[in-house]
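**Q** I need the structure of the sequence given here:
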Amino acid sequence: MNRTDFQVKTITDLSELDQVYNIAVSVLGNLDHTGHTLSFYREHAPLSPSLLIYAEQNGKVIGCVLGSIDEDHVLVGPVAVAIEKRGMGVGTAMMQRIEEEAKRLDQTTLIAGALRETEGFYVQCGYRPNLFIQLPEAGQAEQLKQLNQKYPVIWEAEVGKWTRIMLATPQVDRELQETYNKRFPSCNTQYVFIKEIG
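**A** Predicted coordinates:
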C-alpha cells in the first residue's frame, strides 16, 4: 500500500466527531482531565467545524487534530496519529490543513500545548516554544520574572489566585523549566507552542 494513501478531511457532522475523538483517546488516553473532552468539541463543532480535522485511510480514521477558536487565536487541541501509521506524514498533513482552515477563518495565531515527546514535532511544523509558568499564588509576577535572566516575558496575568507568565524561548530550555520547578515547588510549567500565520 502507498504510504501516502490517506485523505485529510474535516468533520461534517457530530457522528463523525465521536469516531474521530475515539482515535485521540486511543492514542493519548482519557482526555477528561485536560478540558479537551468530547462534550467540549461537541459544543464547539457548530462554531468552527473546519478546525476538527482527521485523516482517513481505507475508510478508517488514523489520526486527528482537534482545534477550536479561543478568543484571538486557534487552540490546537489533541493531535494524534495511530501508532502503526506514524512516519507517513499524517501528522504534518493534518497540521498544514488546520493552518489553512485557520486562515480561512481569519485567524492568525495557533497555540498548542505539547507532551515532552511531541515537542520536536511542533518545532518541525514551525511553532515557537514558549515556557508557560503558573503559580497558585496571587501577586507573584515579579518573583517569577526575577528567576529568568535570559528571555523576554511575552505575557503575564493574574487570574483568581493564580499568577501566570509566558517566556519566549528560542528553543526548549529544560534547565530553566527545572529551575522554576525547584524554586517554586507548587508551580506548574509547560511548553506552549505558538505559530503566527498572518
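
**Q** Do a quick rundown of the helices in the chain.
**A** 14-28, 38-44, 90-104, 119-124, 141-146, 174-183 (DSSP state H).

**Q** Name the stretch among those helices that sits most buried.
**A** The highest average neighbour count among the helices of the chain, using mean count of other Cβ atoms under 10 Å, belongs to helix 90-104 at a mean of 19. (Glycine included, C-beta is placed from N, CA and C.)

**Q** Kindly reformat the helices of the chain as TSV containing distance to residue 160.
**A** Below are the helices of the chain laid out as TSV (distance: least, Cβ to Cβ, whole Å):
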stretch	distance to residue 160
helix 14-28	28
helix 38-44	21
helix 90-104	30
helix 119-124	28
helix 141-146	14
helix 174-183	20
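
**Q** Residue 192 is nearest to which of those?
**A** Set against residue 192 and scored by Cβ to Cβ, those come closest in helix 119-124, at 9.5 Å.

**Q** What pLDDT is listed against the closest residue to residue 72 other than its chain neighbours?
**A** Residue nearest to residue 72 in three dimensions, not counting chain neighbours: residue 109, with 6.8 Å by Cβ to Cβ, 6 or more residues apart in numbering. In this model, residue 109 is scored at 96, pLDDT.

**Q** Could you check how far residue 109 is from residue 69?
**A** To residue 69, residue 109 is 11 Å away according to Cβ to Cβ, to the nearest Å.

**Q** Please apply the same query to residue 112.
**A** Following Cβ to Cβ, the distance that separates residue 112 from residue 69 is 14 Å.

**Q** what does residue 82 give?
**A** Distance from residue 82 to residue 69, by Cβ to Cβ: 27 Å.

**Q** residues touching residue 124, list them.
**A** residue 92 (Cβ atoms under 8 Å, 6 or more residues apart in numbering).

**Q** How about the lengthiest strand in the chain, which residues are buried there?
**A** Counting residues, the longest strand in the chain under DSSP state E turns out to be strand 60-70. Residues of strand 60-70 classed as buried: 61-68 (neighbour count, 16 or more other Cβ atoms under 10 Å).

**Q** Looking at the residue positioned nearest the centre of the chain now. What's its pLDDT?
**A** Centroid-nearest residue in the chain, with Cα atoms, centre = their mean: residue 112, separated by 2.3 Å. We have a pLDDT of 95 for residue 112.

**Q** Surely it and residue 123 touch.
**A** No - judged on Cβ atoms under 8 Å, residue 112 makes no contact with residue 123 at a distance of 11.2 Å.

**Q** Find the residues that touch each one of those two.
**A** residue 193.

**Q** sorry, back to before: Serialize the helices of the chain to TSV and add fields for mean pLDDT.
**A** As requested, the helices of the chain are arranged in TSV below (pLDDT from 0 to 100):
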stretch	mean pLDDT
helix 14-28	93
helix 38-44	93
helix 90-104	97
helix 119-124	94
helix 141-146	95
helix 174-183	96
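
**Q** Break the protein down into its domains, please.
**A** Domain assignment of the chain by automatic domain parsing yields the ranges 7-112, 128-193.
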